[in-house]
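Participant: Got a predicted model here, sequence first, then my questions.
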Amino acid sequence: MTTSSTLDPLAVTLPDRTPQRVRHPLRFRKLEVRTVERVTPHLVRVTLNGDALEGFTSSGFDDHVKLVFPDETTGVLAMPTLSAEGKPEWPPGPKVILRDYTPRRFDAAARTLEIDFALHEAGPATRWAEQAQPGQQIGVGGPRGSFLVPTNFDWHLLVGDDTALPAISRRLAELPAGARALVLVEVDGPADRIALDSQAAVDLVWVHRDDADANATEPPLLTALRTARLPSGYFHGWVGCESAAAKAVRAHLVNECRANPKWIRASGYWRRGSSATHDSYDE
């Protein structure tokens, strides 16, 4: 494997590539399902719309909103009010179900918001997405902030499973012509691949978990990364997948590929055997 190990990221003066955090006022919106599309066997795309989307902002490719799901028994959608400190206050009643999702696409003119649901473990989000129909309501909170990563790296590494496809899709769409990206995406099989458009030069590797060795001791994405040929130069790495896999991939990049830890952003979008998990492994 070729790495950028010959480049010491602390030894030379570099252009400013410092990511920036931007905060947004917290707001919860009640939206309506406009369309539902089964994109692949394990991916459902729900387009939401409503006048409440006026002022919606999502400037970071891996932003997260809180989806507020209706009660599965009564169908009632409970929405919060905001306290004087800007914290959500929920009405009395059953515990409200919230899950983090990355907005795939927002159209300010049409006031539509696309959310992709990866269908695997049968949790409340999957159950809702599988039965979603036009006219139903759902709540959306945030995003509370954005993490803006410069595009002026020599190349970009994106590693994720199907839960990360919206973020990967957004990042590839915003990379300019002349940029270079290596992308590793884990899905069940060939039928779960989707188009990932970009002006950048993209080397895309699909990793099929259905073909993975059942006796393997490391995550399929890490195995694929070990065998990938990494371009030379300074790069930003982004990782979004199962929590243990994200941690292992980040450790490999920092410890074995000598990546600058400040340029590696890794998140566990879900954790095996757990629900409503979002882990961050940034420095």
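Facilitator: Noted; the coordinates are in hand.
Participant: Dihedrals phi and psi, residue 45?
Facilitator: Here is the backbone geometry of residue 45 (degrees, to the nearest 10): phi -110, psi 120.
Participant: Extract the residue ranges of the protein that are flagged as low pLDDT.
Facilitator: Filtered on pLDDT under 70, the chain yields the residue ranges 1-14, 273, 275-276, 283.
Participant: Quick check: longest helix in it by residues?
Facilitator: Determined from DSSP state H, the single longest helix within the chain is helix 243-255.
Participant: Count the residues that sit near residue 40.
Facilitator: Residues lying near residue 40 (other CB atoms under 10 Å) number 20. Glycine gets a C-beta too; all of them are placed from N, C-alpha and C.
Participant: After the longest helix of the chain, which helix or strand is next?
Facilitator: Counting by DSSP states H and E, the element after helix 243-255 in chain order, helix or strand, is strand 264-270.
Participant: following that following strand, which helix or strand shows up next?
Facilitator: Assigned by DSSP H and E, the successor of strand 264-270 is strand 279-280.
Participant: If we ignore the residues flanking it in sequence, what's nearest residue 145?
Facilitator: Once flanking residues are discounted, residue 145 sits nearest to residue 23: 4.7 Å by CB to CB, 6 or more residues apart in numbering.
Participant: rewinding a little: so how far is the longest helix of the chain from its chain's centroid?
Facilitator: Taking the mean of its C-alpha atoms, helix 243-255 sits 16 Å from the chain's own mean (CA atoms, centre = their mean, to the nearest Å).
Participant: give the contact list for residue 49.
Facilitator: Going by CB atoms under 8 Å, 6 or more residues apart in numbering, residue 49 touches 31-32, 34, 110-113.
Participant: Mind checking which of these are buried?
Facilitator: 31, 34, 111-113 (16 or more other CB atoms under 10 Å).
Participant: just checking, which of these belong to helices?
Facilitator: Among the buried ones among the contacts of residue 49, DSSP H puts none in helices.
Participant: can I get the residues you listed in a markdown table with distance to residue 274?
Facilitator: Output for these, formatted as a markdown table (distance: CB to CB, whole Å):
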| residue | distance to residue 274 |
| --- | --- |
| 31 | 28 |
| 34 | 32 |
| 111 | 35 |
| 112 | 32 |
| 113 | 27 |
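Participant: hang on, the earlier thing: mind giving me the packing neighbours of the longest helix of the chain?
Facilitator: With contacts taken as 3 or more CB pairs under 8 Å, 6 or more residues apart in numbering; DSSP states H and E, helix 243-255 sits against strand 155-161, helix 220-227, strand 235-242, strand 264-270, strand 279-280.
Participant: name the helices or strands packed onto the shortest one?
Facilitator: When contacts are defined as 3+ CB pairs under 8 Å, 6+ apart, strand 279-280 packs onto helix 243-255, strand 264-270.
Participant: Parallel or antiparallel, which strands does that strand pair with?
Facilitator: Paired strands of strand 279-280, with direction, are strand 264-270 (antiparallel) (DSSP bridges).
Participant: And the third one, by the same measure?
Facilitator: Applying DSSP bridges, strand 235-242 is found paired with strand 155-161 (parallel), strand 264-270 (parallel).
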